[in-house]
Each structure stands twice: as C-alpha cells, then as structure tokens.
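1. Any chance you can model this:
(chains A and B)
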Amino acid sequence: MQKTAVKLTGITKTFGENKVLRGIDLELAAGQVTVLMGANGAGKSTLVKVLCGVHRANGGDITLFDQPFHPTTPSEAIRAGVVTVHQNINDGVIPDLDIASNLMLDNLAAPGSGFFINNRKIRAQAREIAARMQLDVDVRQPVSELNLADRQLVSIARAMAHKPKLLILDEPTSSLSATEATRLFDLLDRLRDSGVAILYISHRMSDIRRIADRIVSMRDGKISGVFNEKPLDYEAAVNAMLGRAMSEVDIQIPAKGTPILSLKNVELRSGAQPINLDMNENEVIAITGLVGSGKSELANLIFGLQAPVSGQMQLNGTPYTPRNQREAIAKGVFLCPKDRGSNAVVQGFDITRNISLPFLKRHSRGQFLRPRSERQTAQASIENLGIVCQSTHDDIGALSGGNQQKVMVARWLAEPSNVLVLDEPFQGVDIQARRDIGEKIRETAKGRATIVMAAEMDEAIEIADRIIVMFDHTIAGDHRNENIDLGQVLAQVAGQKQTGNETHAN
Amino acid sequence: MQTDTHKRPKLGALDLAIKYGFLALLVGLVLFFSLFTEGFASPYSAVFIFQSVSITGILALGVTATLVVDGFDLSIGSVATTALMLSSYVLVVWEMSAFAAVVACLVMGAVVGLINGFLIVKMRVPDLLATLGMMFLLVGLQRIPTQGRSISTGMTLPDGRVTEGVFPPEFLALGRHRFDFFIDRLIPVSVVVLLVIAFLVWVFMEKTRHGRLMYAIGSNERAAELAGTNVNRYKVLAYVISGVLASIGGILMAARLGRGDIASGNNLLLDSVAAALIGFAVLGAAKPNAFGTIVGALFIGILLQGLTMMNAPYYTQDFVKGAVLVVALVFTFALSRRGGGH
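-> Predicted coordinates for the structure are as follows:
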C-alpha cells in the first residue's frame, strides 16, 4: 500500500439546518486513483469544496502528508498542493489568451511576479510544462482555437505546474468525446505513476472502469462504501451509493402502434450511413451512444434545428421538413433539451411561468394572459410529477436539480404531442426524481412517439420499450427491451462490429 | 460563523427592506421635504415634479423595454433630439402641419429602432456598440441640414432662403396645454402622456404573453428559443418600442421649447438610464419593470425639486443623481443576491 497523501477524519459541514457532510473519514493514497461516486445531493461537491478551500468544514481534521491542512481560500489550497479541475472546462482557461499565458497564468497573477511580461521566458517555461505533460502543442496558439479536450488538458497542465500532491477532477469527461477522454486517461495514468493522489468524481461507468484503482461511494453525507479489492465490485459500489440494489424496472411493452415519425435514408452528416427508422405510436425509444455518436444531431434534426444532409422525414405519413423549432412545435413535435441550466430553465421565473412558457397562447385570451389558467396547469403538473415545492409561485432557482428537471419535463407534458424527444432527461438528477420522471414519461406515452436520449445504459433500460444504439452518426443496433443482451449492446455502443476484427479510430 | 447563526431572524426584516425599502425611502423623502420646505406639499409642486421627469420617464420606459430582453439602447437620447430637430424642420422649413411633424418623428423613431434591431440581431453587433454607433450617427445627422444651427422662424438656411414656417398652436399645445383637474389648468399634456405610456408599457410587459416572452428572452435566450419563441422578432420589437418612445419624448420637448434647439437634451440618456436602473430596486424586482422605472424617475425628480427648494445649488444635481443610482444598484444587486443557493 502506498503512502497516505490525504487523511480526513470526521469532517462535517452544515448549511443552515442542512447537514451536508456528517462525518467523513477518508484516506487517499499517493499514486492511486480514487473514484468518488454518489447520487446528486450526496455531498460530493461539498466535500471537494472543503478540500479545495472554497468551504470551511464545521468540524473534523484534514492532514496532507501528515501536516494539518485547513485551507481558507482556493489559492491557499493550491499552494499547499491540492489542485482541482472543475467540471466546467471553460472556468479553467482563458480562451482569448494563448496557451503559454494560460499555462503561466498563476505565475502572472502571483504577487511580486514583476511588472513587465517577458514573453520569451513565459513561452520557454510554458513549453517546459507542456513537454512534461507530453502535450504536443504550439504554445503561441490561442486557447479559443483548441477543442474541448485540449482545453481540458491545458487546464490540467496548468494545475500540474503547481506540482500537486492531490489532484481533484470533478466530472472531467462530461463534455469530452471518447477519443478526447482517452487522452485524458492516458495523462492521468502518467500522473498516477508519478505519485500524485487523484480523486476522480464521475457518474460514468465507462470512465470508472477505465481509471479506478479504488471506489468510494457516498450517500447522505457519509461514506457508504469503500472498495479496494481488485477486481473492483462496480455493482456493489453502485448499490452502496444508491442505498439499494438497482431494482429491475418492470417494463410492459405496449402493442406496436402505427409509425408516427419515420426517417427515410436520412444522412445525419455527410459520409455517415443513412438512417432508416420508424418511431411508433405508444412507444418509448431510448437512444443511447457515446458523446459524439450523433444523438444530439438526431434530436436537433427532429426538432428542426438542423437539416439532414440527405433523406427525408415523415410525420404521420406526410413529409415533415421543419425549418425551425417553431414549426416543429406547431406540428406537435416537442424537445425537452439537455443541459437544463443553459437550454431550458428561465431563472427569475416561478414554477408556473417556467411551465407555461411554450404554450402561452393556450393560456391567453387574445394577447392577454390568464394567470389562473397558467396556475391550474402548474398545479396539475406539480401533483402529477411530485414536484417538491411550497407553491406554484416558488422561484425555479429555489428548487433542487431534480425538481427543476421535473418542471422542465412538465413543461412539455402539459400539452399533448405527436413526438416528444427528451434529451438526457436524467442529467444531474437524483435517483428518486429519475424514477418519478421515468414513470411519468411512460405513463403519458400513449398516443405519441417518445424518444429519450440517454448516454447511460441503466437509464435506457429503465425507461424504454426499445433501445437504439447510435455510433458514428448512424444506427448501430436496435433492440427490444426484453431479455436484452447487454454485452452486445455495449459492444455496439463502443463501435465494435459484430463481424469482428475491425477497430475504429474512435 | 457568528453571522450564520444570527441570520435567520433577520432574514424577514431584510426581505422587507429589499421589497419596500425604496418606496419607504421615497415616502420619507416626500415627508421630509413637506415638513422642512415651504410650498413643497402643494399640487403645483407635485405637478412640477411630474412635468420635470415626464420626458426622462418616457425615454426610461423605452430603455426598460430593451433591458427586459437583456439589451441596451444608448441611442434614445439622440433619437429624442433628432425628433426635436426633425419636427422643427418639418414645421419651420417645410411648413407642414403639426400632424405631419408628429408622424414623421414617430416613423423616424421606429426606423431607428428597426435599424438598431437589425444591427444587433442580424449583424450580431453587440447591443451597446450598435446603439452607440447609432447615437453618433444621429447626433451628426441632425446637424447636417442646418449646418449645425438651431431651427427657428426667420433663420437663414444654407441655400440662402429665409424660413417662414411657424410652430402651429396645436403643436405647441402638446408642450404647453394644461388640463383642468380640480384646479384649472393644472396637469400638462406631457404628464398625461407619461402616465398613459407607463400604463401601456406596464400592461404590455406584465399582462400580455409578448411581455412574458420578452422577460424569458432576457433571462435565458436559448431556453426561450427552444420553447418556440421568435427571439429575434421580440428583440427588434424592443428596440422599436424604445425608438418610438424616445421620439415621443423628442416631440414633447420640441413642443415645450417652440424651436429646434440644437443644444437641448444633453442629459436625457443618462437620466433615463438611471431611472430605469433605479427601477430595479423598487419592490425588490431585481429586473427592469415599468412601475419601477416611473418610481425611479419620480425619485430623482422629487429629490432634485426638494433640494432646489432648500436652496441647494444646481451644480450638485448630477452628484445627487449619481448617489441615488449607486444606492439603488446596491439595493438590487448586493442585497437581493444573498441566499441564492451555494
């Protein structure tokens, strides 16, 4: 066993009445990747914020290589050797500056670093850092020209310039493609070998399988399971985090209805295999696949946000060529978009106004709104989906993530639709809300075609009658959700052709 | 840690302060001036205050419309002065009717709004820059026909002609007529126009679905778009509203002055923006709103009128406005942001 880098004993943290951390005991070893799993609200982010100096613990002790460690500011934590790479990549880099300046930013910001900038020296130092990280880049290139993965690597490289003892990564792959993630993992392997303790927070099973030396599960502000033994017991780790075994959701596959939306030889992107697909009445289809497999493009296509390269769509037997989202909505094709924070939630609006947003005409007499009609719809949605709130007037920002998501789903369930597309409806949602939302989607599925984009396999299995796998902007597999062969599905997700030896670049 | 434990009981009081603090301050100010200055508490004084803020207030309502969609219109001041010059030109040089002058100004305001909207929505010029450019354009444009001189009857035009047109009485009435209201000849037209426009803007923003969608755009443009809102159309509409209201302000100014004074309206932009921003603090709205904007304009008017009656020198006025604005912004942003989650 390696040397203990960080040791936490009895860490507690409360916000007002709310006990977020209830006594965390945890050791992180040098040269080891510890994956931290936990449902939303389990306290992961708070724990990270205590470690990186954003929050102060109310009680308990932290030691860093046997030295007491109680940072009060993020910069203090960084100087002590605890470096954090946050989920949002663009928080970690400054796009308009070049790579060299980004890598050396902390030096530039440090007090007493000199008034004038010596570009040559900065570039030389930056090159050194980049080389140490085996980053093959021109340091004079602006960060805005880099793709997400390279930005992520730059921000990690910048973190590494501090010679960290503990590196914390908070869902670092959430916006990376599969190839990009691979590069990140290679880098983490090298860091691990150089003796850095790594705390890696993720929901993604594929990441965890790839990188974990050890899994720690959190639930309700406590450590609910530690898994050291190889091979790691992933299922047990998930169980520990959820507090119950992943229950088999009983899916009653309804009788096949008539096709509502049909794709005929649709090319999502030039060069991609054309897609032929019927989406039927009453059916809930889960479309799964890695980031970059074309799920979002397909959703955009159906919702009129992008046009197919070739091929056509039919809605109830007639050609369907929406030019924008308004035409799609008018034809009863709705999209509940992913990333609710940026694409869906209207901050400053209450629950009622967030729900009524797309269908204000329905709640108006002439041009004038009828608040009572809006409120009734909101009240019905609250009861229907079990949205936890004080009243229909609660500000959306006051709700938890799961409840916000319920409001966003309720927005599109409030009116009957022909096709309802839900893009990652379970993103950032706790397990209870996920069950509630899934149940409601299935319950209301009659009379329409429902399409759920879900990267997570368990989510797909939990909700769908039929699971479609996408890879490389086309359909790689189509399964009835009954005694499903998970191995085969996963192989299709990963792009392994059934026939065998072909390996894909991504 | 101390503050944490004491926070709870105080929260209610703080909420009250945020919600009603600014209105209470306004009432307190009125009481203070009524007690300590002679003649402040009279209908004439009240009307004078309203009249002094009416043009600013109308422009501020236009700014409010653009703020609602998370935009900004820097060109309103110059639209108003352009309307002032344009109406004078139509009346004095072209010798056309009052009606023609009013229509010409309204059309000009709408066209400027459309161009602003076009630059912002289609050309993707950031709002501040687009409207700043428009401001310069208009300031320059209004000077060209008269070679930078004010317009009045009997002036010599660049081509040597002497103007013979006059401001007709029905146009001047817009600035000088007063309606009877318990007291004869009490309420000027501009105050009525202000109140009517304020009411219309308030109804439009709060009670119609268009206003709702504009607020949605201001809060999360992407979400509004994905919910099927025609974002571009509403943004352009906001700038058209702003341009038209600013031109109304300019018409009233021309009617009050009775000449095309090239030097008028210097403070209009800053005063009306201040009123709209002070409006954020009213009733804890923390967002642009018509009622708040009017209260903001009145607040400044009352303060200036009271201070003037207490013999404060005129040159302290801008300082006072600035102080009020800063306090209002603190109310809005620092105080109401607490407790927004962690």
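
2. Could you give the number of residues near B:A323?
-> As a burial measure, B:A323 scores 12 neighbours (other Cβ atoms under 10 Å in any protein chain shown). For every residue, glycine as well, the C-beta is placed using N, CA and C.

3. just A:N483 next, same as before
-> So A:N483, with other Cβ under 10 Å, has 6 neighbours.

4. Three-state assignment for it, please.
-> Three-state assignment for A:N483 (DSSP: H, G, I helix; E, B strand; the rest coil): coil.

5. Please report the distance of it from A:V489.
-> Distance of A:N483 to A:V489, given as Cβ to Cβ, to the nearest Å: 12 Å.

6. tell me the contacts of the residue nearest to B:F50 when sequence neighbours are not counted?
-> Excluding the flanking residues, the one nearest B:F50 by Cβ to Cβ, 6 or more residues apart in numbering or on different chains is B:V191, at 4.5 Å. By Cβ atoms under 8 Å, 6 or more residues apart in numbering or on different chains, the residues touching B:V191 are B:V47, B:F50, B:Q51, B:S54.

7. swap the cut-off to 6 Å and go again
-> B:V191 makes contacts with B:F50, B:Q51, B:S54, as judged by Cβ atoms under 6 Å, 6 or more residues apart in numbering or on different chains.

8. The helix or strand hosting the second one - what's its average pLDDT?
-> Secondary-structure element containing B:Q51, defined by DSSP states H and E: helix B:43-68. Across helix B:43-68, the average pLDDT comes to 94.

9. Tell me the helix or strand right after the lowest-mean-pLDDT helix or strand in chain A.
-> Within chain A, confidence by mean pLDDT, DSSP states H and E is lowest for helix A:234-242 among all helices and strands, at a mean of 73. Later in the chain than helix A:234-242, the nearest helix or strand by DSSP H and E is strand A:259-267.

10. Quick check: the gap between A:G221 and A:L166.
-> A:G221 is 21 Å from A:L166, by Cβ to Cβ.

11. ok, residues contacting the least confident helix or strand of chain A?
-> Against helix A:234-242 from outside (Cβ under 6 Å, 6+ apart): A:M37, A:G38, A:I215, A:S217, A:R219, A:S224, A:G225, A:F227, A:A245, A:I431.

12. Run the chain-centre distance for that helix.
-> Distance, stretch centre to chain centre, for helix A:234-242: 19 Å (Cα atoms, centre = their mean, to the nearest Å).

13. Could you pull out the buried residues of that helix?
-> Under the neighbour-count criterion of 16 or more other Cβ atoms under 10 Å in any protein chain shown, helix A:234-242 has A:Y234, A:A237, A:V238, A:N239, A:A240, A:M241, A:L242 buried.

14. What is the burial count for B:E38?
-> 8.

15. Now do the same for B:Y89: helix, strand or coil?
-> Using three-state DSSP, the structure places B:Y89 in helix.

16. Do I have it right that B:M309 meets B:T37?
-> Yes. Between B:M309 and B:T37 there is a contact under Cβ atoms under 6 Å: 4.4 Å.

17. tell me the phi and psi of A:L26?
-> With angles defined as degrees, to the nearest 10, A:L26 sits at phi -160, psi 140.

18. leaving aside the residues next to it on the chain, what's closest to it?
-> Counting by Cβ to Cβ, 6+ apart, the residue nearest A:L26 is A:L8, at 4.6 Å.

19. residues near that neighbour, how many?
-> 22.

20. could you check the angle helix B:43-68 makes with the helix or strand containing B:L86?
-> Applying DSSP H and E as the criterion places B:L86 in helix B:76-88. Using axes from the mean of the first three to the mean of the last three Cα atoms, to 10 degrees, the inter-axis angle of helix B:76-88 relative to helix B:43-68 is 120 degrees.

21. Need the buried ones from the contacts of B:V191 selected in ChimeraX.
-> Buried subset of the contacts of B:V191, written as a ChimeraX selection, criterion 16+ other Cβ under 10 Å:
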select /B:50,51,54
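
22. Near chain B, which residues of the stretch 401-506 of chain A are found?
-> By the rule Cβ under 6 Å from any Cβ of the partner chain, no part of the stretch 401-506 of chain A lies against chain B.

23. coming back round to it: which of the contacts of helix A:234-242 tops the neighbour count?
-> A:M37 (27 neighbours).

24. Test my guess that it contacts A:R219.
-> No. Under the criterion of Cβ under 6 Å, A:M37 makes no contact with A:R219, lying 9.4 Å away.

25. Mind pulling up the pLDDT for B:T308?
-> B:T308 is given a pLDDT of 88.

26. Number of residues surrounding it?
-> Going by other Cβ under 10 Å, the residues that sit close to B:T308 add up to 15.

27. Whichever residue of the stretch 101-250 of chain A sits closest to chain B: neighbouring residues, count only.
-> With Cβ to the nearest Cβ, the shortest gap between the stretch 101-250 of chain A and chain B falls at A:G221, namely 14.4 Å. By other Cβ under 10 Å, 24 other residues sit near A:G221.

28. Wait, it touches A:F15, no?
-> No. Contact between A:G221 and A:F15 fails when scored by Cβ under 6 Å: they sit 11.1 Å apart.

29. interface residues of the stretch 251-400 of chain A facing chain B?
-> Residues of the stretch 251-400 of chain A lying near chain B (Cβ under 6 Å from any Cβ): A:325-326, A:329, A:337, A:342-344, A:346-348, A:357-358, A:360, A:364, A:367-369.

30. mind listing which of those are in helices?
-> Among those, DSSP state H puts A:Q325, A:R326, A:I329, A:S342, A:N343 in helices.

31. Report the spatially nearest residue to the last one, omitting neighbours in sequence.
-> It refers to A:N343. In space, and not counting its chain neighbours, A:N343 is closest to A:P337: 3.9 Å by Cβ to Cβ, 6+ apart.

32. secondary structure element for the residue nearest to A:L26?
-> Using DSSP H and E, A:L8 maps to strand A:4-15.

33. Go ahead and name everything in contact with that strand.
-> Here strand A:4-15 makes contact (Cβ under 6 Å, 6+ apart) with A:20-21, A:23-30, A:46, A:57-64, A:165-166, A:197.

34. Show me what counts as buried in the least confident helix or strand in chain B by mean pLDDT.
-> Sorting the helices and strands of chain B by mean pLDDT, DSSP H and E puts helix B:2-36 at the bottom, at a mean of 73. Buried residues in helix B:2-36, defined by neighbour count with 16+ other Cβ under 10 Å: B:I18, B:K19, B:G21, B:F22, B:L25, B:L26, B:V30, B:F33.

35. Please identify the helix or strand for the spatially closest residue to the fifth one that is not a sequence neighbour.
-> Here the nearest residue to B:L25 in space, its sequence neighbours aside, is B:F299; by Cβ to Cβ, 6+ apart that works out to 7.8 Å. Taking DSSP H and E as the criterion, B:F299 maps to helix B:290-309.

36. how about A:K121, secondary structure?
-> Per three-state DSSP, the local secondary structure of A:K121 is helix.

37. That one: neighbouring residues, count only.
-> By the criterion of other Cβ under 10 Å, A:K121 has 12 neighbours.
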